[in-house]
Each structure stands twice: as C-alpha cells, then as structure tokens.
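S.K.: Task: produce atomic coordinates for the following.
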Amino acid sequence: MKLIQKDNIDIILQNTKNTPRMAVCTYFSLDIPEKYAGVYTLFSKLLLKGTKTRSAEDLANIIESNGIETSVKCKQDYIKVSTLFLNEDFDLALDVLSDILQNSTFENFEKEVFKLKGEIVSDLDSPQVKASDALIEKIYENHYYGNSLSKTLNDVDKIQKQDVVDVLSQIMNSKKVISIAGDFNDEEKLVDYIVKKFNFMKSSESVSKISDIPALNLPNRDEIIKIVKNDAKQAQIFKGMIVDTQFSEDYPKIVVMNNILGSSGLSSRLFVELRDKQGLAYTVRSALEPLRHSSLFYFYIGTEPKNIEKSLEGFKIEAGKMAKDYVSDIELSGAKENILGRLEYFSQTNMQLASIAGYDYIMGLGLNYEEKYKEMLNKVTKEDVLNIAQKYLLNPAVISVLAPEEYLKNI
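M.R.: Numbering: from 1, shown residues only. Next up, the predicted model:
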C-alpha cells in the first residue's frame, strides 16, 4: 500500500498482480452537521440519477452493459463513491466516475424524497429497528450523530434540492482521497492519469465542525426509554454506552472485550449464558460501532416480553463478571484469532482492499493502519480486558425497550 500526493491530490495505490478487476474508491470527509436530518442520505441517493451529459437511463445502460459496479455509501463521517470494473474497461469506468462526481444534476428530487419517506416508514415497522433508532437518538441527543430515522422522517419535507446540491460543493472543499487496488504495470502513468482526470479531487484539510462526544452524563442509574407496541410478539432491548474511539489505546481492548462478551456468535458469553443456559433469547449479542467522534458499545436481545427484567439482569450480571474476574487464556486467544481471522477474510478482494485503505485514511487513522491495529490486538492482555470492563461496563447506560404496554410498567 502506497500513498502518493501529487498536485494536492491524495492517491492510495495497492498493486495486486494477476487480478482481472480493479476497484476505485473515492472518499469525502463530512465535517459539518447536515442542515436537516436526511440531507446526506438524499445526496447519496441522487448522485447516480444522471449528469449534465448522461441521463440516469444512459448511466444505468453504460454501467449494466459493461458489468461496472458503481455505488454510493453515506455514513456519519464520510461519503464514499466507488466503482469496480474489468481491467479493460478502465477508461470508461473512470470517465463515468469522474462525470458523476463533477456533473451530477440530482434529478428526480421529489421522487427520491417520496421514496425515502416510504423506506423509513417501512424500516421503522421493524420493532428491532424502532428500538435501535430510539437508542441512537437518545444516546446522541443534541448531536449530529443523533439524526435518527425518526428525525429524518420529521425533517425530510424541509429539505430543498439546493440543500442537496450544496453538499457537493461542501465535500469538494473537504479532505478527500482516491484509493485504488488492482493490476497496473506503470504506476507513474496511472498517477498522471488520475491527476488529470480527477483534478477536482484536490484535498483540503478542513477543520471539523462536528464536536467530540464525552462519556454519558447520567445520574447513578440507567436511563430507560419505553416504546409501546402492543402487537409485538418479542421484546426488543438495547443497552448502550459511549466508549473511546479508534484513536484511543483503549479501542483494541474494547474490541477484544466485545468479542468475548457477545460478538463472536455461539461461543460468546451472552449467547451461552442467556440463550443456551437460561433460554431467554431468540437473538442476543453485543456490538461496537466506531465513529470519528465517538464509539457506541451496546447489548442487544430479542426475547419474550415476560423476560425483560431477567434479560436486563442478565446483561448486568455478565458485565459484572467481566469486570470482576480475568477472562480465561482460551477466551483471550480465541477472541484474538476470531478478530484477526475476520480481518483477513474481509481483506481479500480489490474492493475490500481499496475500501479499507480509503476508510482508514479519511478517518485520520493513517496509511497501513490495519497492520498497527493487528499489533495492538495481539498485545491485549487479560488485565487489559478486566480494566476496560471496569472502566465502561459498570457505568449507567441508556436502555431502549420495545414491548406491549403491560410489560413495560415495572421496569
């Protein structure tokens, strides 16, 4: 993996010989809270709807007839526009990508607004999504990260087409990078081509206007959000807390703790204790979602409504065990093997390689961060896991519970 900076354009190259398809990912940093919840989402949905020289139908025909895969991904911290294509279609694929990024007309704005509202209503029909959405909105209250699906549904009719068009100007004045993985013979020629074709990708080190998020300032008890859904067959329970970001020395330790506690599937403590032994859960896990200004750690269980209190007590007991006693050598080594194995599995294809390198760079983690991350993971000790559990798992948390009303009265 190599970073080349030429004419103020940041290019990451990974030469993977004897591979038939090349991946190109462009990343744009999001450093300003969106004007209304949903603006960035609408931007990502409209970007492929035609350019000044190609209609949406023309774009679709070119992409489909040549087997070019082009997509837009919008997350809280960045927008990613990527393309995957056969080596012989290099010129065509890059011409289309350049055209989309420079000349999108954002056609069918009203149609996409209507579709987005329908999609959100459909998503929120899922009890699990509704409970998760409530957790996100509360835990990131008064912060851009708290722009939940519900907030987007409330704000979307306020959004004007110009708000979406303005996002393009905004991201063109932000930090950006082009990440490429594939088989290429002449590196210098490739770089010159990219610099000429993507001269609008000159990077700017803009200062983020999105604030960092400290630990939750809660009283000495959990804060519970109750969501009534009387026809729910399952109770949906999320218990979340803010932990340190990927920039922290704590992060790899949190990852190992999470794997042992609930993210490793059948072997995780939550699965064994709450599902296998107690029969409480249909689904149970823990998860970690890293962002630039925060990381969210949470427990989740789907269970019979009558088991809400038992499930919350189960979360508390397992957190307490993790914070009281050392994990076993087998658990520690198994967690590391599981995490490193997943990293290896998801670092195989050119698209995966280009995506990982671009993500690390746009997030500020640096080039070749994955190797440093693996080293940090391997150094995690049983003492580290115990200390991290004590630091985070015993603190008050935000709990979101969706269930029939009669089962919410006593929690």
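
S.K.: all contacts plus neighbour counts: C-alpha atoms, from now on.
M.R.: OK.

S.K.: how about the nearest residue to residue 44 once chain neighbours are set aside, what does it touch?
M.R.: Among residues not flanking residue 44 along the chain, residue 72 sits closest, at 5.7 Å (C-alpha to C-alpha, 6 or more residues apart in numbering). If a contact means C-alpha atoms under 8 Å, 6 or more residues apart in numbering, then residue 72 has 44, 45, 47, 79, 80, 81, 82 as its contacts.

S.K.: May I have the secondary structure class of the fourth one?
M.R.: Classification of residue 79 by DSSP: H, G, I helix; E, B strand; the rest coil places it in strand.

S.K.: Can you tell me the number of residues neighbouring it?
M.R.: For residue 79, the neighbour count with other C-alpha atoms under 10 Å is 22.

S.K.: Was I right to think it contacts residue 25?
M.R.: No: using C-alpha atoms under 8 Å, residue 79 is not in contact with residue 25; the gap is 10.3 Å.

S.K.: List of residues touching the helix or strand hosting residue 132?
M.R.: Using DSSP states H and E, residue 132 sits in helix 127-139. With contact meaning C-alpha under 8 Å, 6+ apart, helix 127-139 is reached by 123-124, 145-150, 216, 225, 227, 232, 236-242, 398-402.

S.K.: The residue nearest to residue 44 bridge partners, please.
M.R.: Beta-bridge pairing for residue 72 (DSSP bridges): residue 81.

S.K.: measure it to residue 411 for me?
M.R.: When distance is defined by C-alpha to C-alpha, to the nearest Å, residue 72 is 42 Å away from residue 411.

S.K.: Show me which of the contacts of residue 72 is closest to residue 192.
M.R.: Nearest to residue 192 out of the contacts of residue 72 is residue 82 (C-alpha to C-alpha; 19.7 Å).

S.K.: Nearest residue to that closest one in space, ignoring adjacent ones along the chain?
M.R.: Nearest residue to residue 82, sequence neighbours excluded (C-alpha to C-alpha, 6+ apart): residue 25, at 4.2 Å.

S.K.: Buried among the contacts of helix 127-139? Make that a PyMOL selection.
M.R.: Buried subset of the contacts of helix 127-139, written as a PyMOL selection, criterion 16 or more other C-alpha atoms under 10 Å:
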select buried, resi 124+145+146+147+148+149+150+225+227+232+236+237+238+239+240+241+242+398+399+400+401+402
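
S.K.: still on that earlier bit, does the residue nearest to residue 82 touch residue 182 like I think?
M.R.: No: the pair residue 25 and residue 182 does not pass the contact test of C-alpha under 8 Å, sitting 11.7 Å apart.

S.K.: which residues of the stretch 301-411 of the chain fall in strands?
M.R.: Assignment of strands within the stretch 301-411 of the chain using DSSP state E, counting those that start in this stretch yields the ranges 398-403.

S.K.: One more: the stretch 51-200 of the chain?
M.R.: For the stretch 51-200 of the chain, the strands defined by DSSP E, counting those that start in this stretch occupy 69-74, 78-86, 176-182.

S.K.: How about residues contacting the last one?
M.R.: With contact meaning C-alpha under 8 Å, 6+ apart, strand 176-182 is reached by 9-17, 19-29, 201-204, 350-351, 353-355, 357-358, 361-362.

S.K.: Can I get the helix holding residue 132 as CSV, trimmed to CA atoms?
M.R.: The C-alpha trace of helix 127-139 is given here as CSV (Å, rounded to 0.1, in the frame of the first residue of the first chain):
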residue,chain,number,x,y,z
PRO,A,127,-39.6,-3.5,16.1
GLN,A,128,-35.8,-4.0,16.3
VAL,A,129,-35.1,-1.0,14.1
LYS,A,130,-37.5,1.1,16.0
ALA,A,131,-35.9,0.3,19.4
SER,A,132,-32.4,0.8,17.9
ASP,A,133,-33.4,4.1,16.4
ALA,A,134,-34.7,5.3,19.8
LEU,A,135,-31.4,4.4,21.4
ILE,A,136,-29.3,6.3,18.8
GLU,A,137,-31.5,9.4,19.1
LYS,A,138,-31.2,9.4,22.9
ILE,A,139,-27.6,8.5,23.3
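
S.K.: mind listing the helices in the stretch 51-200 of the chain by residue range?
M.R.: Ranges of helices in the stretch 51-200 of the chain, per DSSP state H, counting those that start in this stretch, are 56-65, 90-103, 109-124, 127-139, 149-155, 161-172, 187-197.

S.K.: if I look at the residue at minimal distance from the centre of the chain, how far off is residue 270?
M.R.: Centroid check for the chain by C-alpha atoms, centre = their mean gives residue 75 as the closest residue, at 6.0 Å. Relative to residue 270, residue 75 is positioned 29 Å away (C-alpha to C-alpha).
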